[in-house]
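> Pasting the sequence and the predicted model now:
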Amino acid sequence: MASIAPVTIKSGRRAEHRECFAQLGPYVVITNGHGPNQIYDTRRNVCQDMGMDAPSGAPTDGGTIAGALTGNYRWRIRWRDQYTGVMSLASAELSVTLTAAGRKITLGALTPPSRATHWVLERTVADGKYFYPVNLTSSAPHGTVVGTTEVDDTTSDDTLSARQSIENVQGRFRPYKWCFANGPRIIFGGGIVHRPTVTLTNGSKNVSSADGGFTADMASIGTGLPGWELSVIGESRNYRINTVADGDNLALLENYAGTTGTKQVAIAGQLNKVGWCEANEPEYGGSAEIGVVEYSNEQLIGDSARLTGGCGLGPTGALYAKESQLHLHSYFLNPKVEIGDGRVQQLQTLRGALGQKCMRFIDGVVYGMDYRGIWRWVPGAGLPEELGGSLSYDWAAADLNFSAAENWHIGHDPYHRLVLFFVCTGSDTYPDKAYVFDLTRQDWVDAKTFPAGITCSYEMPDTTGALRPVVVQEAVGAAPSRHFFDNMGISNGAHPSTVLNGTVTGGGANTLSAAGGSFYNSDQKLKAVAVTLIRAADSSEETRIVSDNSDSELTTEVNWIGDEPVNGDSYRVAPIESRWRSGRISLDYSDRKKEFFELWLWVAQKTCVPFYVNLYFNGSATPESDWTARNEDGVRFIASNPDIRVDPTTTGQHRYRIPLMKRVANDVAIEIFSSEAGEPWEILDAVLVGFPDPSEQAREE
């Protein structure tokens, strides 16, 4: 196993609220049921809150100009982000009566939000009811750029009414707990906001917080918003929230009926609401939500029990889960449906899912974990099937920690055709045990224990293009996030703040002491990271895996084979080299030669750590070395040296152009690596520019 170092997409999110990610094209949606939903644009390396608030007031009348408009007219505006297409809800209206004139409309005191790139002006026809865009034209497809504060409106009623009106359904999505991609849609669900410890008194509506987080942690849901509830962990009844008084106190709508005491609660809202956005509308909201009722007994799916997760079934539809219920949403009918019309149906089963990552669609089959065990279901083939078998005793045993079930998840190894069910045992809050199911043999083959807690997994292609599993230690609090690859890369994931090498001051059978170590010593610490002992006596090296550590001492999983560490020896905590290599990129037919012109790299630098680029043409094991010596844009080319060195002189985001001298080849693989200590660089984007070789085209014709 190997890992990549941690990188930051967006800071400032509360770490105890686990993030959920879904991707459509270049956009990644991030939800955690706590803060606003966010959208990350991979092309621009920009992460922003989803949606935009409506303008705070109406546009301003700038006075009469020449024109031919006659009648009573109304104007309003919206903010727009040209990159994602998101548009705010409309502003309040400006009304003016005109006689054979035009009108100058200005923003006045309205201030665009930070992500707005344009503003759109809308107007009715004379005495009309509907609004049409004034400044959305072929020459201005996004409206008027922010910075220009006025628009002259002389557009005739006939021209205006021929334009398509804007559906008034965007704005801000409500916070959702989880999301997943299914074909051209991202689907949202759930609504846990906060899990504080509080003091409750029987017969009282008052709730006092022991962690002082009500105001900050509920900022996104507002005060007294209907539908938001408080549930006591371990109790069956939910209580509606009436008001949030301050950072330490809120009031319920009804008296608390349980026993007086200090308890953990979950503050939640819209627990069984579902919404989605389309591929060409990455932030589409409003009427795209199904079951749009702010609060009533007519919930989306059955009772008010929360949706714990969901998974896409491709063109068939989607499957939603509660802890002991499954609901099928069919796409064979119109997916934008209202509740109660039969298109979202509860399956006649007691199966469910413990959390969003506890249900997964793999090779046409849904796999899930609930309180009863492990199950699988083939869409359209009847009821879910119990898959536990020999695991039934384990599932009933007290050793499984169901209180940490939100951290459980299902992983997939497509290369070896395995499904891994990660669970927490004992008092662990991170799943370090996985039951392994072989898809080829259709049987359980292993119960694997990992040296560190694993909270999610995904798949990435290796250098041959084969999908390999990546298991992840997610960041919690100040802990680093580490991604462990299956035979991909060579770095083993020491946190950048860790001293990577130094002098040994002592040790024991399975320990190594370094007085100046300052090893990372929080949460999962350096579990599963490699440490290499270099003995001063004979320069021999021995590598072991760290099982625990303090700030100056490492404990290894097994004892040293050779001599124990002594004062004067050296150590290295994980290889400091990091390396990424793509598969063979063809750009076109693999048997046709191309002219490769240049490689563009967008890189984020936390520190000025240089990195290197190698290019392998036509599957060669040797990197290309025929480069012309030059030094431009921070990129150093040295003749006959295969390494292209990139030397950043400042931190932040940089763009580098690497000319490839019109190299003619069928394909190329890109390798990026560094061998120096320091905070890691992050590759944001890479664009390879090339065209079919004209001589090849002529020969083909």
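Thanks, I have it.

> what's the spacing between the closest residue to Val28 other than its chain neighbours and Val86?
Among residues not flanking Val28 along the chain, Tyr40 sits closest, at 4.2 Å (Cβ to Cβ, 6 or more residues apart in numbering). Glycine gets a C-beta too; all of them are placed from N, C-alpha and C. Plainly put, Tyr40 is 13 Å away from Val86 if you go by Cβ to Cβ, to the nearest Å.

> If you count surrounding residues, which of these two has more?
Each of Tyr40 and Val86 has its neighbours counted (other Cβ atoms under 10 Å); Val86 has more, 26 against 18.

> hang on, that one packs against Arg80?
Yes - here Val86 reaches Arg80: they are 7.3 Å apart, a contact under Cβ atoms under 8 Å.

> So what would you say the end-to-end distance of stretch 532-547 is?
14 Å (Cα to Cα, to the nearest Å).

> domain parsing for the protein?
1-16+388-487, 18-50+172-191+270-372, 60-152, 193-267, 501-576, 579-700 (automatic domain parsing).

> Run the chain-centre distance for the shortest one.
Here domain 193-267 is found 29 Å from its chain centre; the criterion is Cα atoms, centre = their mean, to the nearest Å.

> Stretch 652-668 now?
29 Å.

> Could you check it and say which residues are buried?
Residues of stretch 652-668 classed as buried by neighbour count (16 or more other Cβ atoms under 10 Å): His654, Tyr656, Ile658, Pro659, Leu660, Arg663, Ala665, Asn666, Asp667, Val668.

> now do stretch 392-405
Buried residues in stretch 392-405 (16+ other Cβ under 10 Å): Asp394, Trp395, Leu400, Asn401, Ala404, Ala405.

> Let me see the contact set for the fourth one.
Asn401 sits next to Val423, Cys424, Thr425, Gly426, Ser427, Asp428, Thr429 when contact means Cβ atoms under 8 Å, 6 or more residues apart in numbering.

> how does it look with 7 Å?
Taking Cβ atoms under 7 Å, 6 or more residues apart in numbering, we find Asn401 in contact with Cys424, Thr425, Gly426, Ser427, Asp428.

> what number of residues lie near the second one?
Other residues near Thr425 come to 15 when the count uses other Cβ under 10 Å.

> what do you get for the first one?
The number of residues packed near Cys424 is 23, by other Cβ under 10 Å.

> my guess is it meets Ala404, correct?
Yes - using Cβ atoms under 7 Å, Cys424 makes contact with Ala404 at a distance of 4.3 Å.

> shared neighbours of the two, which are they?
Common contacts of Cys424 and Ala404, defined by Cβ under 7 Å, 6+ apart, are absent altogether.

> any idea where the helices of the stretch 251-400 of the chain begin and end?
With DSSP state H, counting those that start in this stretch, the ranges of helices along the stretch 251-400 of the chain come out as 392-396.

> Next secondary structure after the strand with the most length in the chain?
Ordering each strand of the chain by length in residues (DSSP state E) puts strand 60-80 first. Moving toward the C-terminus from strand 60-80, the next helix or strand (DSSP states H and E) is strand 94-106.

> list the buried ones in that following strand?
Leu94, Leu98, Ala101, Gly102, Arg103, Ile105, Thr106.

> Now do Asp370 against Thr316, distance only.
From Asp370 to Thr316 the distance is 21 Å (Cβ to Cβ).

> More neighbours: which of those two?
Each of Asp370 and Thr316 has its neighbours counted (other Cβ under 10 Å); Asp370 has more, 25 against 18.

> What is the distance between stretch 104-120 and the centre of its chain?
Distance of stretch 104-120 from the chain centroid (Cα atoms, centre = their mean) equals 30 Å.

> Can you pull out the residues in contact with it?
48, 52-53, 55-57, 59-60, 62-63, 65, 75, 77-82, 87, 121, 133, 135-136, 142-146, 149-153.

> Narrow these to those that are buried.
By neighbour count, with 16+ other Cβ under 10 Å, these hold 48, 52, 55, 59-60, 62, 75, 77-81, 87, 121, 133, 135-136, 142-144, 146, 149, 151, 153 as buried.

> Now for the buried residues of stretch 652-668: which two are most distant?
Taking Cβ to Cβ as the measure, the buried residues of stretch 652-668 span a maximum distance of 30.4 Å, between His654 and Asn666.

> who's in contact with Phe361?
Cys311, Gly312, Leu313.

> The residue nearest to Val28: what's it in contact with?
Ile9, Tyr27, Val28, Ile30, Cys47.

> Tell me which two of these sit farthest apart.
Of all pairs in these, the most separated under Cβ to Cβ is Ile9 and Tyr27 at 12.6 Å.

> Could you save the buried residues of stretch 392-405 as a markdown table and add columns showing pLDDT?
As requested, these are arranged in a markdown table below (pLDDT from 0 to 100):
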| residue | pLDDT |
| --- | --- |
| Asp394 | 76 |
| Trp395 | 82 |
| Leu400 | 89 |
| Asn401 | 88 |
| Ala404 | 83 |
| Ala405 | 85 |
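
> Now render those as TSV, adding distance to Asn249.
Supplementary listing: the buried residues of stretch 392-405 in TSV, determined by distance: Cβ to Cβ, whole Å:
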residue	distance to Asn249
Asp394	44
Trp395	41
Leu400	37
Asn401	32
Ala404	29
Ala405	30
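
> Just name the closest of those residues to Met359, please.
Distances from Met359 to the buried residues of stretch 392-405, taken by Cβ to Cβ, are shortest for Ala405, at 12.3 Å.

> Give me the phi and psi for that closest one.
Dihedral pair for Ala405: phi -60, psi -20, per degrees, to the nearest 10.
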